[in-house]
Structures are given as structure tokens and as C-alpha cells.
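Undergrad: got a predicted structure here, sequence first:
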Amino acid sequence: MADIRMRNVYKSFKDVRVIERVDLDIEEGEFAVFVGPSGCGKSTLLRLVAGLEDITSGDLMIGGKKVNTLPPSQRGVAMVFQSYALYPHMTIFDNMAFGLKLAKQQSNDEINERVRWAAKILQIEHLLERLPKELSGGQRQRVAIGRAIVRKPGVFLFDEPLSNLDAALRVQTRIEISKLHHDLGASMIYVTHDQVEAMTLANKIVLLNAGKAMLEDGSIAQIGPPLELYHHPVNLFVAGFIGSPKMNFLSCRLAKIEPTYATVTLPDGSTIRAEVDATSAKPGDAVTLGIRPEHVTLGTSTDNADNTIRAEVSYLEHLGESTFIYTQVQGVENPVILRQEGDARAKMGDRLTLGLAAHHCHLFNEKGRAFKRLIGAAAETQPIIQ
Amino acid sequence: MATAEAEIADDRLAGVAGNLTKAQQSQLTRSRVRAAWLFLAPMLILLALVAGWPLFRTIWFSFTDANLSDLGSAKFIGFENYLTRIDGEWYGVLADAEWWNAVWNTMKFSIISVSIETALGLIVALVLNATFKGRSLVRAAVLIPWAIPTIVSAKMWGWMMHDQFGILNHMLLGLGLISAPLAWTASPDLAMVAVIMVDVWKTTPFMALLILAALQMLPTDCYEAARVDGIHPVKVFFKVTLPLIKPALMVAVIFRLLDALRIFDLIYVLTSNSRDTMSMSVYARQQLVDFQAVGYGSAASTLLFLTVALCTVLYITFGRVRFEGR
């Protein structure tokens, strides 16, 4: 078990800057997920921790020891690769024991015992004598994880381990990895582009910027527990990345600013109240109103009869357990999406009144930075069991 | 080969035509098979003309007393060219000490040169597989010896090894490594060394190229996994790289081995009919052309053919070479 600290870490390949100004702490036993759009350098950041790439500048500490120049094997990390990286000519047992055998720190009996221990955890005991090519994708992934487990590392590194599996297996393996983290208690870093994996697995999400935002703001867009990123995104990028379908954004102008709320005017003239602290801005500023599809209500919203907009249904997506209604709001370019439980009765062309509850509204300034919401994350999570 | 392909075509067809009626299916299958044979026919005819017919003629001549000056009067004499007993003495190719000398020379040459070429080729391939500046230039440069026609490189080396005017002796004398010029191609001790040296120079690039192709197919993530596991690069080479390129390596070796067993041009140009380096091919040519004994020479050629075939079968059986890959 070990903690990981990154201080002012930069990485570039020749002239291409890939990782900018990363300051990051991952505590002992924490499950951190690196997530971001493709090309944001999340895999590179993981490979920096593993030691497969060199840090261009900055410091990396694992377990309190500076490891910038240490080879991967001396960092106390084990890595699970996206493509499994099993040795095709060795049996599953040999694949798992290979590193231990060559390290020659243990007797054959100890190695044998440890491989069987790991195989038992992952329920692959019956596969030990087979070759990788005789296994299914999910089984190979378990072997890859098993190979990491036998080394008993302080830190586990997962590089998109589930992206080669089918949907059902992905969910199952996701749960198993989460269980594994609980049982082993080791620190884990997990790279994915799938925000559902990020939300479900992480204690701490590290959302990374790509492209221009990375060069301007550094690689890290926001770090925090999953629900904090969901409820309190710091900017438009984070707000849009977390959640599916993504948050609705409506361009508008600030009308009135009070310490406990702000009022904005939409292009069609309607006014919406949002419970945010916009005192740093002034009336007339161009801002963006954000609200998640699951928070948009049909008809007038309960707490504020005025917080409504008129919209016309342009498209429907029936998922069975819910329906996504795409609507067109006058003067708003993108469709405003709302999520309704079950089969919504709306049809295309229907005119609807959408309720935007003030305490669910996000507001972002001209540069895309969020105004602080005046509502705690805890207040929005409804306890399941009482 | 042709039938195997037709069968594969058949199998595929059966899969595709799964939802057709039986009559339709069989009609379709028949026309597909007909088309397959039509496409294969030119190749089969050509092969029969340029490979099958000469082979058949050679085997036929080996059972006759044919003479180069008068092929028409050849009579069938059975196995006399191979082995026969006249007045208590054994005659025929198989009783000829010269033939067995040629067999021994060929085997020695093949095994030594192919072994060296494999080892050197592996090293060259590993170097070329690494990323460094100007790699493509070096790759092209390494191939040059292989691109030169054998006759040209053999003549070239013949001059370089010339006992009086050769640059090789000149350099070795200059360095003080030898005190008197060496007769590279004429001395019984050195002739085979010279031949092997030139062959290694010429065909190592071919081996390197085949092995390099195999190296470039290797999964890179295995090597990264090995790095994270802290496995020493030398161990990685023997435990991961070598087993993974073994199938390709075995195929490369058999290509070279077949080539080496029928070696002719290099030896003939460098050392002519010298007894010290005479290969099976050189022996057969000598009988056939110099001594005009077409029947006897054909018997030697047929034996050479059988030897190569036998070596291939043994190699594939014991080397467990799989051409189809995994």
C-alpha cells in the first residue's frame, strides 16, 4: 500500500505537450480514476506513474519516495494492460508466476501458493494449465489482473482494462474490480474514457483536459469524489463530460444578482432563477445556464412557478425504463433534452412547458467557469434506505 | 495443394449457401468449383511444363544409359546407374567415393553456413528492430549483399581472395596477421572456409529480413508488462522473444537449408570442380556435362532431389514447423 503524489508534473514528446502542470495526491488505499476525452493524456499519465515513460519535469512520489528515475520494477506498482499483454506461449500459471520466478526471492512452493491464492480470488483456478489463446476475453482479463495481484504491489494501475469486453461482462468485471479494491485495500489508479466506470468505481475522479484547455488550464480539469463532479462541476467542460446525456446548456444574460440567487434572461425573453452565487459578475454579462436532463421537469416546477420555458418536441428516444425528449427552445441552438421515467406520452411537434428548478440550475460565466452553487452535494443525494 | 484450395472453397461455399435449397446449392457449388479449377489451370500447366516435366525426364534418364552426344539411343538399364555389382565390384553413384565426398561437403556447408547465418541474422534483425536515427538507411544498406547476383558476388570475392593480387591477403599482410599470402580458394584447408564465408556474407541479410519481419509482429505490450515486472532484458529475450519468433525462425531456416543443399553457383565460380568443396550439384553437373554421362548424372540429380526432400521432411517433423501459423 502506498500513496502517490505528483508535483508540477509535465510531459512532452519532443515538441508535443501531452501533460501539463499536474498536482495530484492519491492517498493510501484510494481508488482514483483518470477519465477524459480521447487524446487527453490519461494513459500517458498512468504510464508516467508506471515508469514506462519518463517525466519531462516535476516530481513523482510513491510511498513517500521520489521515483522519477526509478525503473518500473522498483516502484512497487503492477499494471493491467488494455490488451491484457499475456505471454502467448506460456500457460496461465506461468504467465502469473513469470515475474516471481525470475525475481528468485521466493521458493517454488511460495510462488505456487501465491499464484493459487490469486487464482482463487479471481476464480480462474481451473484455467491455470491452459494457454491464453484458449481463454475468452473476460478470462484473459482476469489472468492479467491475477498477474498483477501475485506481485502484491502497493499500487495497481489499470489501463482501460474493460474496453475489450462486451457490455454485460464489463458490468460484471467492474463490480469485481471494485470488490477486489475493497478486499485488497491497495491504492488503485484506473484509466477509462467511460464516465459510468469512473462514477461507479472511483473514490476520486481526476478529469483531464484535452487540447487547448490543457495548454491553458493545465491537464487537470477537476479532481474530486464522483458526486462532487456531478453536482459541482467547476466549468462547462466538466459539466458536459460527467452525466449522460450531457447537461443542457442555454446561452443567456444575467438580469439580477442577489447573494442567494441570480436571475437570467433567455433569448426568448423568459427569466430563470438559479441558486448560485454570481456576485462576482454584473447584470448584462453573457452567461450559460446549465441543467441536467434528469432535472428538467414537465409542466411548472414545484418550487417556483415562474422558472419555466416553452419548448417544442423535436425528437424522442424510448429506452424502456425512461424516455429522452429532445425539444427545441426558441433562440437556443442545441436541443434541450429532458429525461422522463417510463414511456412519456409526448409526440413530435407537441408544445411543452419545461420546469427548470432553481436549485438544480448551474450557471457558468463567459469563460465557462461555474458560479458557486448555493446548495450542498449532500442535500441532493437522497438516501436509499431509511 | 490445388485440391486443398478447392476444398476450402467448397467449405466456404457450404457456409454461404446454407440457406439455399439442396439443388440450388449443389449447382452453385459445382459452378464455383469449376471456376476455381479454371483459375488454377494456367498455374498448374505452367508448373507441369517447367517443373514437372524436367523432373520426370531426369528421373527417367537416371534409369537409362543416356549420353549427352546422343540422347536418342538411350536404353533402359534399371538401377545400374545407382548401384550395380559387376564381377564382384560395386559400381554406380552410391558406390562412388566422390559422390559421398560431395554429400559430406554439402552437408557440412549447409549446416555450418545456415547456423552462422541464423545467429548473425538474428543479431542484425534485433539491431534493425531497435529505433535509431537513419534506421531505414541501414536496413536498405544491409540488404545490398543479398541483392547482388551470386555470380557477380562470387567473382568479386574470387578476386578479393586471389592469392597474389587479392585485397584480403593484402590487408591481412598489412595488419601482420599472416606472414605469407594465403591461397584461399585453392588450399584444401581454406577452400570450404572461403565458400562458407562468402555465403554467410551474401545470405545473412535474407535471414535478417525474415527474422525482422517476425520481430515486428511481436506484441509490444508484453514487453511493457515485462518491464513493469522487472524482468531482465536478456531473460526477456530468451523467455519471450525467442519462443515467440520461433515459428518464423524455423521457416526462415528451412528456406535457407533448402537453398544451401542445392548450392552450385557460388562453389562452381569460386573453386570450380575442386574435390574439397564439390557439392552434390557440382558433382551432378560434372558427370552430366564434363563426362557426358546423362544417365549417371541424372541418377546423381535424382539422389540430390531425394536428399533435399528427406531433409525437409525430417526438419518439419522434428522441428514441428507450422507453416499456417496460429
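TA: Thanks, I have it. Numbering: from 1, shown residues only, chains lettered A, B, ... in the order given.

Undergrad: find the residue at the geometric middle of chain B.
TA: What sits nearest the mean C-alpha location of chain B, by CA atoms, centre = their mean, is residue B:259, with 1.5 Å.

Undergrad: now that one: how far from chain A?
TA: Note on residue B:259: its distance to chain A, by CB to the nearest CB, to the nearest Å, is 28 Å. All C-beta atoms are positioned from the backbone trio N, CA, C, and that covers glycine.

Undergrad: wait, a strand at residue A:221?
TA: Yes: assigned with DSSP: H, G, I helix; E, B strand; the rest coil, residue A:221 falls within a strand.

Undergrad: quick one: it from residue A:231, how far?
TA: For residue A:221, the distance to residue A:231 equals 16 Å [CB to CB, to the nearest Å].

Undergrad: same question, residue B:196
TA: Applying CB to CB to residue B:196 and residue A:231 gives a distance of 78 Å.

Undergrad: follow-up on the earlier one: which one's more surrounded, residue A:221 and residue A:231?
TA: residue A:221 (24 against 21; other CB atoms under 10 Å in any protein chain shown).

Undergrad: wait, isn't the more buried one in contact with residue A:35?
TA: No: at 9.7 Å, residue A:221 does not count as touching residue A:35 under the criterion of CB atoms under 8 Å.

Undergrad: I'd like to know how many residues surround the closest residue to chain A within the stretch 101-250 of chain B.
TA: Among all residues of the stretch 101-250 of chain B, residue B:230 sits closest to chain A, at 2.2 Å; criterion: CB to the nearest CB. Neighbour count for residue B:230, taken as other CB under 10 Å: 15.

Undergrad: same thing with residue A:118?
TA: Neighbour count of residue A:118, defined by other CB under 10 Å: 23.

Undergrad: residue A:335: neighbour count?
TA: 19.

Undergrad: now do the SS call for the closest residue to it other than its chain neighbours.
TA: Among residues not flanking residue A:335 along the chain, residue A:326 sits closest, at 4.3 Å (CB to CB, 6 or more residues apart in numbering or on different chains). For residue A:326, the assignment made with three-state DSSP gives strand.

Undergrad: distance check, residue A:326 against chain B.
TA: As judged by CB to the nearest CB, residue A:326 and chain B stand 40 Å apart.

Undergrad: for that residue, give the beta-bridge partners.
TA: residue A:315, residue A:337 (DSSP bridges).

Undergrad: and the contacts of stretch B:129-138?
TA: B:128, B:212, B:215-216 (CB atoms under 8 Å, 6 or more residues apart in numbering or on different chains).

Undergrad: which residues in the stretch 1-150 of chain A form helices?
TA: A:42-50, A:92-103, A:108-121, A:137-149 (DSSP state H, counting those that start in this stretch).

Undergrad: dump these to CSV, plus distance to chain B and mean pLDDT.
TA: Listed next are these as CSV, based on distance: least, CB to the nearest CB, whole Å; pLDDT from 0 to 100:
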stretch, distance to chain B, mean pLDDT
helix A:42-50, 6, 94
helix A:92-103, 3, 89
helix A:108-121, 13, 92
helix A:137-149, 8, 91
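
Undergrad: chain B contacts on chain A?
TA: Residues of chain A lying near chain B by CB under 8 Å from any CB of the partner chain: A:50-52, A:71-74, A:77-79, A:81-89, A:98-99, A:102-103, A:133, A:147, A:151.

Undergrad: in chain A, where is pLDDT below threshold?
TA: A:1, A:300-305, A:376-386 (pLDDT under 70).

Undergrad: that one - how does it break down into domains?
TA: Following automatic domain parsing, one finds the domains of chain A at A:4-236, A:245-374.

Undergrad: ranking the ones you listed by burial, who's on top?
TA: Each of the domains of chain A was scored by mean neighbour count; the highest is domain A:4-236, a mean of 19, by mean count of other CB atoms under 10 Å in any protein chain shown.

Undergrad: between the two ends of it, how far is it?
TA: Terminal residues of domain A:4-236 are spaced 28 Å apart (CA to CA, to the nearest Å).

Undergrad: about what we covered before: need the contact list for the residue nearest to residue A:335.
TA: Neighbouring residues of residue A:326 by CB under 8 Å, 6+ apart: A:313-317, A:335-337.

Undergrad: what do you get for residue A:281?
TA: Taking CB under 8 Å, 6+ apart, we find residue A:281 in contact with A:254, A:257, A:262, A:287, A:365, A:371.

Undergrad: can I get these in CSV including distance to residue B:304?
TA: Supplementary listing: the contacts of residue A:281 in CSV, determined by distance: CB to CB, whole Å:
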residue, distance to residue B:304
A:254, 95
A:257, 99
A:262, 96
A:287, 90
A:365, 88
A:371, 90
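
Undergrad: for those, which one is nearest chain B?
TA: Looking across those and measuring by CB to the nearest CB, the closest to chain B is residue A:365, at 43.2 Å.

Undergrad: run through the residues that contact the closest one.
TA: With CB under 8 Å, 6+ apart, residue A:365 has these contacts: A:280-281, A:285, A:287, A:371.

Undergrad: same thing with residue A:128?
TA: Residue A:128 makes contact with A:91-93, A:96, A:115-116, A:119 under the criterion CB under 8 Å, 6+ apart.

Undergrad: how about the helices of the stretch 51-200 of chain B, start to end?
TA: In the stretch 51-200 of chain B, the helices defined using DSSP H, counting those that start in this stretch lie at B:53-61, B:97-129, B:135-147, B:150-160, B:167-175, B:191-216.

Undergrad: fine, thanks again, bye for now.
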